[in-house]
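**Student:** Got a sequence here, can you model it:
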Amino acid sequence: EVLGLDHADVGTSYENLGGVYMTKGDKAKAADAYENALKINIKANGEEHPSVATTYSALGALYASLNDSTNAMERYTKALEIRQKMYGPEHAEVASSYNQIGSLYHSQNDTA
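**Tutor:** Below you'll find the model as predicted:
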């Protein structure tokens, strides 16, 4: 079966490529892959879908690794908002988002 360029599985493939590029330390290629994954996942699944939250989370981690806390926080917060709507306040995925946000604050030495 041939999938179109906007198929959710193609988005997943881009997400996986982003992870490989991150592991290899090629953050520019990781950013491109994650951004492609995000566009496809939104188009295929809508704004409020677990795969979209996962991609926002991955982008947050990328920006955090680049010491770009503003963009990291925006992506982490978007992932949190989606996960709260999808799963409710006491789900493990929501806790994971809070953990990422807390880690970002910690890396900035911000205890607010």
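
**Student:** Identify the element of secondary structure that Asp9 sits within.
**Tutor:** helix 8-24 (DSSP states H and E).

**Student:** Report the buried residues of that helix.
**Tutor:** By neighbour count on 16 or more other C-beta atoms under 10 Å, the buried set for helix 8-24 is 8, 10-15, 17-19, 21-22. In short, each C-beta sits where N, CA and C put it, glycine included.

**Student:** again, but for stretch 66-85
**Tutor:** For stretch 66-85, burial by neighbour count (16+ other C-beta under 10 Å) applies to 69, 72-73, 75-76, 78-84.

**Student:** which intervals of this protein have sub-threshold pLDDT?
**Tutor:** By pLDDT under 70, the low-scoring segments of the chain are 1, 110-112.

**Student:** what are the ranges of the strands in it?
**Tutor:** When secondary structure is read from DSSP state E, the chain shows no strands.

**Student:** separation between Thr77 and Asn45?
**Tutor:** Distance, Thr77 to Asn45, using C-beta to C-beta, to the nearest Å: 19 Å.

**Student:** picking that back up, the helix holding Asp9 - contacts with which helices or strands?
**Tutor:** Counting by 3 or more C-beta pairs under 8 Å, 6 or more residues apart in numbering; DSSP states H and E, the packing neighbours recorded for helix 8-24 are helix 27-45, helix 50-65.

**Student:** Can I get those helices in CSV including mean neighbour count and distance to Gly102?
**Tutor:** Output for those, formatted as CSV (neighbours: other C-beta atoms under 10 Å; distance: least, C-beta to C-beta, whole Å):
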stretch, mean neighbour count, distance to Gly102
helix 27-45, 19, 22
helix 50-65, 22, 12
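
**Student:** export these to CSV and tack on distance to Ala95?
**Tutor:** Converted to CSV, the helices and strands packed on helix 8-24 look like this (distance: least, C-beta to C-beta, whole Å):
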stretch, distance to Ala95
helix 27-45, 22
helix 50-65, 12
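
**Student:** Tell me which of these sits nearest to His91.
**Tutor:** helix 50-65 (10.5 Å; C-beta to C-beta).

**Student:** just the angle between the closest one and helix 27-45, please?
**Tutor:** If you take axes from the mean of the first three to the mean of the last three C-alpha atoms, to 10 degrees, helix 50-65 sits at 160 degrees to helix 27-45.

**Student:** Alright, that wraps it up for me.
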